[in-house]
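Colleague: the following comprises the amino acid sequence and a computationally predicted model.
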Amino acid sequence: MTAPLRIGFIPLVDAAALIVAVDKGFAAAEGLEVELVREVSWSNVRDKLNIGLFDAAHLLAPVAIASSLGLGHVKVPIAAPFNLGINGNAITVSPALHAALMEEIGGDRFDPMATAKALAKVVAKRRKAGAEPLTFGMTFPFSTHNYQLRFWMAAAGVDPDEDVRLVVLPPPFMVDSLKSGHVDAFCVGAPWNSVAVDLGIGHILHFVSDFLARAAEKVLAVRQNWADKNPDVVAALVRAAVKAAEFIEHPDNRTEAAQILAQPERIGVDAEVIQRTLDGRLKISPDGTMRESDRYLLVGREGAGRPDPVQAAWLYAQMVRWGQTELTADGVKTAMAVFRPDLYDAALGHRQPTEAPAPFGAFVGPAFDPENIRGHLEAFEVGRWKA
């Protein structure tokens with residue numbers, strides 16, 4: 001048995017593999033004693049990981065990269081040996097904004113280009129009427145939610161820095177912010193989109209899997225120097241998370257997994273809402289309209305747990321696109337080195353990748369090539385990067 005580990009998490013369904021690994025005994029079976037610490041904000045999780053109050057954390061993939069690059073905070077190299085989730089985010093809009101978008105839409109309401117064009121029309125109308133810009137909530141400047149909102153809006157020429165307001169809100173505060181009218185929409189992970197719909201105050205406009213077929217979301221993060229000193233502990237953590245993910249992904253276990261996650265000290269929402277998320281069957285409107293997707297959230301299946309450095313390169317490219325950093329060869333290299341398939345493979349005894357990484361399948365723009373980030377950026381008209 002190793003010394004007790006303190007691991008931070010945010011109450012989101014994509015912390016499932018970590019929570020189930022501890023609460024179902026997979027971590028203990030690997031000789032690990034783990035205390036899970038529930039946090040509210042990503043800055044808390046990042047800071048406590050960086051200064052050593054946490055040994056590991058459920059962390060936004062871009063925060064791990066930003067920390068390794070020294071962007072927005074102190075520079076602390078991070079290693080991510082396990083992907084806790086692929087996809088899992090959604091965009092929820094107020095009833096008023098939903099009605100305005102549906103009035104302007106010129107195509108399939110689940111087509112992100114059609115909704116982005118509708119948003120551009122709503123933005124133009126509001127500007128002409130002298131109305132305040134629409135406000136969208138996202139979880140952190142270095143977050144998938146920020147980049148996914150921007151990727152979608154900008155596809156139809158909406159400038160996310162000029163035409164709307166993007167504000168940072170901790171995930172558990174999104175619903176109250178929509179209810180109070182402080183935001184018109186938000187992008188967040190499960191279960192908070194579903195909570196807004198169940199309360200009758202929001203419509204889920206898009207699953208982020210509508211934009212990108214496969215987008216790295218959260219990682220199991222450790223400090224690089226800690227990983228170097230504790231390779232056996234890292235490997236045991238990875239194995240426990242893999243076993244938990246396999247448990248969660250088995251349909252017969254979904255009800256039990258949802259009940260574990262629903263506990264007040266874990267996610268603290270109704271188990272039925274969490275099970276809908278795990279099943280990829282979500283209520284998207286207060287009238288009860290349901291939508292199913294086998295891409296909504298991947299927790300381990302289709303090789304989702306194995307970190308893919310190409311995903312890290314895509315996230316770095318978004319940081320460059322929106323002016324958070326400059327494009328450099330060292331920057332790309334550092335970003336890609338955060339995602340550690342080698343540690344994942346070593347933990348499981350794999351000597352080579354079990355399968356090729358699946359492509360992004362973005363709804364707009366060229367196929368992403370980490371060797372040509374400049375070409376990726378030049379394909380888009382809206383952005384903040386300097387050639």
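Modeller: Great, that's in hand.
Colleague: can you pull out the helices in the stretch 51-200 of the chain?
Modeller: Ranges of helices in the stretch 51-200 of the chain, per DSSP state H, counting those that start in this stretch, are 61-69, 95-104, 112-129, 144-154, 174-179, 192-198.
Colleague: I'd assumed residue 317 was in contact with residue 376.
Modeller: Yes. Counting by C-beta atoms under 8 Å, residue 317 is a contact partner of residue 376 at 5.5 Å. The way it works is simple: take the backbone N, C-alpha and C, and place the C-beta from them, glycine included.
Colleague: overlap of the contact sets of these two?
Modeller: Residues touching both residue 376 and residue 317 (C-beta atoms under 8 Å, 6 or more residues apart in numbering) are residue 368.
Colleague: got a list of what residue 193 touches?
Modeller: 90, 91, 92, 202, 204, 282.
Colleague: next, work out how far apart it and residue 306 are.
Modeller: Between residue 193 and residue 306 the computed distance is 27 Å (C-beta to C-beta, to the nearest Å).
Colleague: just the angle between the lengthiest strand in the chain and helix 61-69, please?
Modeller: In the chain, taking DSSP state E as the definition, the longest strand is strand 78-87. Strand 78-87 runs at 160 degrees relative to helix 61-69, counting by axes from the mean of the first three to the mean of the last three C-alpha atoms, to 10 degrees.
Colleague: distance-wise, check the closest residue to residue 202 other than its chain neighbours relative to residue 272.
Modeller: Closest residue in space to residue 202, ignoring its immediate chain neighbours: residue 196 at 3.4 Å, by C-beta to C-beta, 6 or more residues apart in numbering. Residue 196 sits 16 Å away from residue 272, going by C-beta to C-beta.
Colleague: hang on, the earlier thing: using PyMOL, make a named selection holding only the buried ones among the contacts of residue 193.
Modeller: Command for PyMOL that selects the buried part of the contacts of residue 193, burial taken from 16 or more other C-beta atoms under 10 Å:
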select buried, resi 90+91+92+202+204+282
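Colleague: in CSV, list the contacts of residue 193 along with pLDDT.
Modeller: As requested, those are exported to CSV (pLDDT from 0 to 100):
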residue, pLDDT
90, 98
91, 98
92, 98
202, 98
204, 98
282, 96
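Colleague: which residues sit against stretch 127-139?
Modeller: Defining contact as C-beta under 8 Å, 6+ apart, one finds that stretch 127-139 is touched by 42, 60, 97, 122-123, 126, 145-146, 149, 163-171, 174, 177-178, 182-189.
Colleague: excluding sequence neighbours, find me the nearest residue to residue 181.
Modeller: residue 94 is the one closest to residue 181 (C-beta to C-beta, 6+ apart), at 7.8 Å.
Colleague: for that neighbour, give me the pLDDT.
Modeller: In this model, residue 94 is scored at 98, pLDDT.
Colleague: for it, give me phi and psi.
Modeller: In terms of degrees, to the nearest 10, the main-chain angles of residue 94 are phi -70, psi 160.
Colleague: thought it was touching residue 199?
Modeller: No. Applying C-beta under 8 Å as the test, residue 94 and residue 199 come out as separate, 11.8 Å apart.
Colleague: higher neighbour count, these two?
Modeller: residue 94 (20 against 13; other C-beta atoms under 10 Å).
Colleague: residue 305 and residue 213: what is the separation?
Modeller: 17 Å.
Colleague: who's more crowded, the two?
Modeller: When neighbours are counted by other C-beta under 10 Å, residue 305 and residue 213 differ, and residue 305 comes out ahead with 26 against 15.
Colleague: please, which helix or strand holds the more buried one?
Modeller: When elements are assigned from DSSP states H and E, residue 305 belongs to no helix and no strand.
Colleague: residues in contact with it?
Modeller: For residue 305, the contact set (C-beta under 8 Å, 6+ apart) comprises 17, 82, 83, 84, 241, 242, 245, 344.
Colleague: which of the residues you listed lies closest to residue 11?
Modeller: Using C-beta to C-beta, residue 84 comes nearest to residue 11 of the contacts of residue 305, at 13.5 Å.
Colleague: and the pLDDT for the closest one?
Modeller: 98.
Colleague: before we move on, what about residue 277?
Modeller: 95.
Colleague: that one looks like it's in a strand, true?
Modeller: No. Per DSSP: H, G, I helix; E, B strand; the rest coil, residue 277 lies outside any strand segment and is helix.
Colleague: output the below-cut-off pLDDT ranges for this protein.
Modeller: 1-2, 351-359 (pLDDT under 70).
Colleague: would you point out which residue is most central in it?
Modeller: Nearest to the mean C-alpha position of the chain, by C-alpha atoms, centre = their mean, lies residue 217 at 3.2 Å.
Colleague: can you pull the contacts of it?
Modeller: Residues in contact with residue 217, defined by C-beta under 8 Å, 6+ apart, are 14, 60, 61, 83, 84, 85, 86, 87, 88, 89, 144, 189.
Colleague: again, 10 Å this time
Modeller: 12, 14, 60-62, 83-89, 143-145, 148, 189, 208, 297-298, 304, 311 (C-beta atoms under 10 Å, 6 or more residues apart in numbering).
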